[in-house]
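Novice: got a sequence here, can you build the structure:
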Amino acid sequence: MRVAVIGGGPGGLYFAALTKQLSPSWDITVWERNAPDDTFGFGVVFSDETLDGIAQADPHIFDAMSADFARWSDIDVRYQGQVLTSGGHGFAALGRKRLLQILQQRCAALGVDVRYRTQAPPAEELSARYDLVVAGDGVRSATRAAHADTFGPDLDERTCRYMWLGTDKVFEAFTFIVAEGDFGTLQVHAYPFDGRRSTFIVEADEESWRRAGFDRFADRDHPPGTSDEDSIRLCERILADHLDGHRLLPNNSKWIRFTTVRNRTWRHGNIVLLGDAAHTAHFSIGSGTKLAMEDALALAACLHEHQDVAVALAAYEAERRPVVESTQRAAQASLEWFENVGRYTHQDPHQFAFNLLTRSRRVTYDNLRVRDEGFTGAVDARHAARSAAVSALPGAASAPPMFRPFQLGGLHLRNRVVAPPIALYTAHKGIPGDFELVHLSTQAVGGSGLVFAGMTAVSAEGRATTGCPGLYTDEQEAAWKRIADFVHQQSDTCLGIQLTHAGRRAASRPPHSAGANTPRNKGSWPLFAASPLPWDAHSAVPHEATRSDLDAIARDFVSAAERADRCGFDVLELQYGHGHLLSGFLSPLTNTRADEYGGTLAGRLRFPLEVLRAVRAVWPAGKALVVRISATDWAEGGTGEADAVEIARRLTEAGADAIDVSTGEVVAHERPRYGRSYQTPYADLIRNATGTPVIAVGAISTYDDVNSIILAGRADLCAVGRAQLHDPLWTLHAAAAQGYSGPAAPWPASWKAGSGRPPGTRTDRVPPRLHLLRAPAAPVHQRWLPPARATTLQAAAH
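Specialist: All right, here's what the predicted structure looks like:
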């Protein structure tokens, strides 16, 4: 085979070396427009996982890299005059120039034809002369641009400005610096890569960047190969306390914005994208070089395993895409955290450091405890002390974060776990029956601090389906009182109920029935909405609610709230999300009214606020009132972050004790980005922008995630839905798994015998000792000490 490689960066060279190693007879040519000793950038960081792959694939390359690695295990967070250190992470870094030398030498030894200072012919031209064309031509890939119709690139340029620099200060650990000033916040990502230098990436949000004065220099013409020296000197002045007299070193260094690259496909005939040409992930979570070299290994392996090029390229993309997309999800969370770092600068240093370290959701509470018990314990102790200050529960200070108490309005919750409102669709004529009783009582004895009954209509016309319960008749009230009384007899769990009017989503068939979510009977069940817009093309057109309709609906909410109080519910939740009636008023996509209840956000908020104030007036002060919102519509032109914050702020002012932060289900054409705890960033946004207590909900399924969310200050309570349907005793089992048996997770007396973890397969086997000498435990804290400095310290010690 004849293979053409466009781009002699680490990904292209590593692919060429591995492929030539596997298939020595193949003709492999690499085009690189720069000279062999040209390089842009400073150091690159590798994970242990990637290094294991390199060691297995090419020991020659691995050995050469290992000889020059800077290794350490600590992360330092410099914030508010303190340095907090978390150990046990494991890093290996190498100068980019040295890495290229190693790969260039390996390619030369294997007989790869590398053509330096040579612009590659267009990929389409090469594809006619070569069996395979590998385009590793970077984030601004000409190959990708030339065939954009096929590759389908999605280039997401972010708002923060950043600059790649080096410094002659050798940091001893991966160092995050958060510098605050009158201008705002400046952050630095720094790490050593040899005995003389460190990589030093300066980043700032747009407003801070401009207020600091960097915009004065960035508009100047900086030809290729030159650097923005004025900005670099200003960075030195702002960050002088962290540089200790050392200088910042430029290398084609200018302010740029990060672009996340995604593509619909990475293949076009016999042309394939590799590395940054195919995808990027924000530098705060890892190295683009790391991803490119992982691509190279997978592509070389697939070509070796499949004789047909098309089959090999399909296998390569099928193998790598899930890995890359997982990395990009984590990188997106990290990127957005740093874009909004100013949101968290009110946190104390320990919580801030924990928040920073867990920002991508790949590092969690349990994970950090394993890596560095001392660091996590210090963060834990401060959070526990704050929780214990509002609790009379014994042992609150030593409980895991999820089992610490919380004051919700006038209610004291024994733990932070919520069983969210679940639509069961088992009611008859709006009357809840035995299944609702079983569901709610099981959730309550299962350990949650708060359990909600779901999607309860305030009127017959407000039901989403015929199977939804209501609270608008005496018979329904009696049924709910029976359930509430039973739940309170079995448990001290707080019991809540969600009240709603389904609006244009009313009169649908239950999801588990034939014709699920389709209109039940157009015209026979009157639909009301903010505007006469159907849910989709198959749905009935609702009536635009008139002033008298709105008055009647508000009275229905008030009447249902009074009934809920008489039933004995402790918490009331109003459904202002998911496209129901009041949600329809809030979103600009569903509210096109021309009167005082439409138009601006203030107008769209008018009726929801009227309902909330009316309900607050009749709901007892000693009980909690929660409002659920959709913080984004997941659709262009819909509710955005600024709107969500303002909505939450206004709802709080009108009497809400907490905001239950959900997203979407507002319009049928939504495009949500599902994933683990995917809605938590919106709870985080509202909590830290407004100070309002929030409930995080959405794909939260492990106690480790709950602990991480609570301890980082992203939410006050966590709603665990599907996991508790899978295991109604989820909260009690989470307590047992963590060795917690305190009052925040009480087992029913009748089930007490099952409170311990049952023995598993072969748990009674005790293994013998098989090693004469035990291997010493790896140190938790390992700093990078260049050989010269290490020798000096050893001499001083002696």
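
Novice: and the spatially closest residue to residue 462 that is not a sequence neighbour, what does it touch?
Specialist: Sequence neighbours aside, residue 501 is the residue nearest to residue 462 in space, at 3.5 Å (criterion: C-beta to C-beta, 6 or more residues apart in numbering). C-beta here means a position set from N, CA and C on the backbone, and glycine is covered the same way. Counting by C-beta atoms under 8 Å, 6 or more residues apart in numbering, residue 501 makes contact with 457, 458, 459, 461, 462, 528, 553, 556, 557, 580, 581, 582.

Novice: so which of the residues you listed are in strands?
Specialist: Judged by DSSP state E, the contacts of residue 501 include 457, 528 as members of strands.

Novice: most widely separated two among the contacts of residue 501?
Specialist: 461 and 582 (14.4 Å; C-beta to C-beta).

Novice: quick one: which of the two has more around it?
Specialist: residue 582 (24 against 21; other C-beta atoms under 10 Å).

Novice: need the contact list for the closest residue to residue 784 other than its chain neighbours.
Specialist: Nearest residue to residue 784, sequence neighbours excluded (C-beta to C-beta, 6+ apart): residue 72, at 4.0 Å. Contacts of residue 72 were listed using C-beta under 8 Å, 6+ apart, and they are 91, 172, 173, 174, 192, 782, 783, 784.

Novice: which elements pack onto the helix ranked longest in the chain?
Specialist: Counting by DSSP state H, the longest helix found in the chain is helix 309-339. In terms of contacts (3 or more C-beta pairs under 8 Å, 6 or more residues apart in numbering; DSSP states H and E), helix 309-339 is packed against strand 153-167, strand 256-263, strand 267-268, strand 271-273, helix 288-305.

Novice: if we go to 6 Å?
Specialist: helix 288-305 (3 or more C-beta pairs under 6 Å, 6 or more residues apart in numbering; DSSP states H and E).

Novice: can you point out the buried residues in the helix it packs on?
Specialist: Residues of helix 288-305 classed as buried: 288-303 (neighbour count, 16 or more other C-beta atoms under 10 Å).

Novice: repeat for stretch 530-545
Specialist: 530, 531, 533, 534, 535, 539, 540, 542, 544, 545.

Novice: from residue 589, how far off is the third one?
Specialist: Put plainly, it is residue 533. The gap separating residue 533 from residue 589 is 8 Å, by C-beta to C-beta, to the nearest Å.

Novice: what about the closest residue to residue 284 other than its chain neighbours, how many residues close to it?
Specialist: Leaving aside its sequence neighbours, residue 284 sits nearest to residue 334 (C-beta to C-beta, 6+ apart; 4.6 Å). Using other C-beta under 10 Å, residue 334 has 21 other residues around it.

Novice: residue 334 contacts residue 281, correct?
Specialist: No. Contact criterion C-beta atoms under 6 Å: residue 334 and residue 281 do not qualify, at 8.8 Å.

Novice: now the longest helix of the chain: mean pLDDT?
Specialist: In this model, helix 309-339 has a mean pLDDT of 96.

Novice: okay, the angle between it and strand 153-167?
Specialist: Here helix 309-339 runs at an angle of 60 degrees relative to strand 153-167 (axes from the mean of the first three to the mean of the last three C-alpha atoms, to 10 degrees).

Novice: so helix 309-339 versus helix 288-305, what angle?
Specialist: Using the same axes, to 10 degrees, helix 309-339 lies at 160 degrees relative to helix 288-305.

Novice: with only the CA atoms kept, save the next helix or strand after helix 309-339 in PDB.
Specialist: Sequence order places helix 349-357 as the next helix or strand after helix 309-339, per DSSP states H and E. Extracted C-alpha coordinates of helix 349-357, given in PDB (Å, rounded to 0.1, in the frame of the first residue of the first chain):
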ATOM      1  CA  PRO A 349     -10.600  27.900  49.200                       C
ATOM      2  CA  HIS A 350     -11.200  24.300  50.200                       C
ATOM      3  CA  GLN A 351     -14.600  24.100  48.500                       C
ATOM      4  CA  PHE A 352     -13.300  26.000  45.500                       C
ATOM      5  CA  ALA A 353     -10.400  23.600  45.000                       C
ATOM      6  CA  PHE A 354     -12.700  20.600  45.300                       C
ATOM      7  CA  ASN A 355     -15.100  22.200  42.800                       C
ATOM      8  CA  LEU A 356     -12.200  22.800  40.400                       C
ATOM      9  CA  LEU A 357     -10.800  19.300  40.600                       C
END
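
Novice: if we can go back for a sec, next, the angle from the longest helix of the chain to strand 256-263.
Specialist: 140 degrees.

Novice: buried stuff in helix 309-339?
Specialist: 309, 312-317, 320, 324, 327-339.

Novice: next: stretch 402-416.
Specialist: 402-406, 408-409, 411-416.

Novice: for the residues you listed, give me a markdown table that also has distance to residue 725 and pLDDT.
Specialist: Output for those, formatted as a markdown table (distance: C-beta to C-beta, whole Å; pLDDT from 0 to 100):
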| residue | distance to residue 725 | pLDDT |
| --- | --- | --- |
| 402 | 19 | 97 |
| 403 | 21 | 96 |
| 404 | 25 | 95 |
| 405 | 25 | 94 |
| 406 | 23 | 95 |
| 408 | 23 | 96 |
| 409 | 27 | 95 |
| 411 | 24 | 95 |
| 412 | 27 | 94 |
| 413 | 21 | 96 |
| 414 | 22 | 95 |
| 415 | 19 | 96 |
| 416 | 19 | 97 |
